[in-house]
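Trainee: Let's see this in three dimensions:
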Amino acid sequence: MPRPPARHFVLAAFVVGSIVASTQKIDAAGDKAFGQYLSSECVTCHQASGRFDGIPSIVGWPEASFVEIMKLYRSKERPNPVMQTIAGKLTEEEIAALAAYFGSLKPAARAK
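Mentor: So this is what the prediction gives:
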C-alpha cells in the first residue's frame, strides 16, 4: 500500500530542515586560545593590562558587548576609521574568539 502524500511531505520537510540547520553557523562561545592568538594586533593599541592611556581598555569586557561593538564598527555604524578597518577584516568566529579572550582577562591591579 503506498504511503499517503502527507507523510512524504513531512519527511521531506524534516530532511530539508536538517540540512539547512547543519549549514547555518550557530552562535557559540568563542575560542579563548584562538582569541589570544589573534589579539596581537589589538594590544598594539589597547593595553593588555587593562590600563587606560587615551585608548579605551577592552580587558574584561562582557563578551556580548564586545561582539556587538565590533559588529557596529564592521558595519560602519560606529565611527572610528581605524576600528572600522580592523573590524571589517574579522570573521564572526574571530570576533567571538577575541570577545572570549578579552572577556576572560582581568585588569591588572593599580599601583598605589
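
Trainee: Just after the helix or strand hosting residue 84, pick out the following helix or strand.
Mentor: According to DSSP states H and E, residue 84 maps onto helix 81-88. The element immediately downstream of helix 81-88 (helix or strand, assigned by DSSP H and E) is helix 92-104.

Trainee: Give me the residues contacting that following helix.
Mentor: 25, 27-36, 38-39, 42, 58-64, 66-67, 70-71, 74, 87, 90 (CB atoms under 8 Å, 6 or more residues apart in numbering). Every residue, glycine included, has its C-beta placed from N, CA and C.

Trainee: switch to 6 Å and redo it
Mentor: Residues outside helix 92-104 that contact it (CB atoms under 6 Å, 6 or more residues apart in numbering) are 29-32, 34-36, 38-39, 58-59, 61, 63, 66-67, 70.

Trainee: Check the secondary structure at residue 59 for me.
Mentor: coil (DSSP: H, G, I helix; E, B strand; the rest coil).

Trainee: Residue 79: helix or strand, and which one exactly?
Mentor: Judged by DSSP H and E, residue 79 forms part of no helix or strand.

Trainee: Thank you, goodbye.
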